[in-house]
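>>> here is my input; please provide its structure:
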Amino acid sequence: MELVPIGEAARRLGLNPSALRYYEERGLVEPATRRHGRRMYGPDQLRRLAFVQAMQQLGVGLEAVSAMLDEPGGRWRAVVRDQMAAFDHLIARATLARDLLGHALDCSADHPVRECPYLVGILDRRLAGATLAELAAAHGRVFPEGGGPHLIPRTSAGSGRAARRGAGGTPPVRPAPTSTRAAGPQAPPR
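As a prediction, the model looks like this:
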């Protein structure tokens with residue numbers, strides 16, 4: 001592959017040339033050379049730019065990206081572990097939010113926060129001082145490292161509100177998930 005000017009490099013990645021200049025300012029990529037004052041990028045620089053763009057679109061911080069590109073193995077691995085821990089925390093929070101919203105959506109009450117005995121019970125225990133971790137534990141769930149809290153479990157068995165609630169009008173309990181890093185991506189429970 002031959003060298004391409006900044007405009008062509010930006011076009012290939014769907015970026016503005018200013019983004020490439022910003023990445024250069026941050027030390028993430030250097031042009032291979034300059035011709036007549038124009039930045040020129042070769043295959044290695046374009047791959048770096050594609051990596052930076054992909055990581056940014058996935059929510060990885062530029063500090064982690066920079067470390068992966070240029071730091072020695074032990075240092076960038078530590079930064080990546082920290083970034084993964086931050087994602088695990090985000091996943092845990094998002095899972096809890098999804099479970100609560102899913103229960104509210106599936107609930108037959110018109111106003112689940114006020115009328116659903118299950119949600120009202122959870123909220124009352126929270127107001128009495130229970131932490132989210134304690135509420136999860138009370139429902140057979142933990143906040144595992146690398147996983148997410150599963151306060152309100154949902155199941156794929158059956159369909160409709162009654163099947164999801166199980167006996168006594170409460171959602172059925174399913175086993176806590178294992179780390180998705182080892183098992184690979186899984187479809188969200190329904």
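
>>> T131: neighbour count?
Applying other Cβ atoms under 10 Å, we find 11 residues neighbouring T131. In this view, the C-beta of every residue, glycine as well, is placed from N, C-alpha and C.

>>> how near is it to E24?
T131 sits 46 Å away from E24, going by Cβ to Cβ, to the nearest Å.

>>> with M40 instead?
Applying Cβ to Cβ to M40 and E24 gives a distance of 12 Å.

>>> overlap of the contact sets of these two?
P31 (Cβ atoms under 8 Å, 6 or more residues apart in numbering).

>>> what mean pLDDT does the biggest helix by length in the chain have?
Counting residues, the longest helix found in the chain (DSSP state H) is helix 73-106. What helix 73-106 shows for mean pLDDT is 87.

>>> how far off centre is it?
Averaged C-alpha coordinates place helix 73-106 at 5 Å from its chain's average position (Cα atoms, centre = their mean, to the nearest Å).

>>> can you count the residues close to P117?
The tally of other residues near P117 (other Cβ under 10 Å) stands at 12.

>>> before we move on, what about I6?
A count of neighbours around I6, defined by other Cβ under 10 Å, yields 19.

>>> what's the answer for the one 10 residues further on, then?
Residue neighbour count, defined by other Cβ under 10 Å, stands at 12 for N16.

>>> contacting residues around it?
Contacts for N16 (Cβ under 8 Å, 6+ apart) come out as A10.

>>> residues contacting stretch 53-73, please?
13, 15, 26-28, 48, 51-52, 75-76, 79-80, 82-83, 87.

>>> tell me the buried residues in that stretch?
Neighbour counts over stretch 53-73 (16 or more other Cβ atoms under 10 Å) mark Q53, M55, V60, A64, V65, S66, A67, M68 as buried.

>>> ditto for stretch 101-109
Buried residues in stretch 101-109 (16+ other Cβ under 10 Å): G102, H103, A104, D106, C107.

>>> measure the closest residue to E115 other than its chain neighbours to D124 for me?
The spatially closest residue to E115, leaving aside those adjacent along the chain, is A109, at 3.7 Å (Cβ to Cβ, 6 or more residues apart in numbering). Applying Cβ to Cβ, the value for A109 to D124 is 15 Å.

>>> from the contacts of stretch 53-73, which is closest to A137?
A137 lies nearest to F87 out of the contacts of stretch 53-73, by Cβ to Cβ, at 23.0 Å.

>>> how many residues are close by the closest one?
Counted by other Cβ under 10 Å, the residues lying close to F87 total 15.

>>> excluding chain neighbours, give the residue nearest to it in space.
Residue nearest to F87 in three dimensions, not counting chain neighbours: G59, with 7.6 Å by Cβ to Cβ, 6+ apart.
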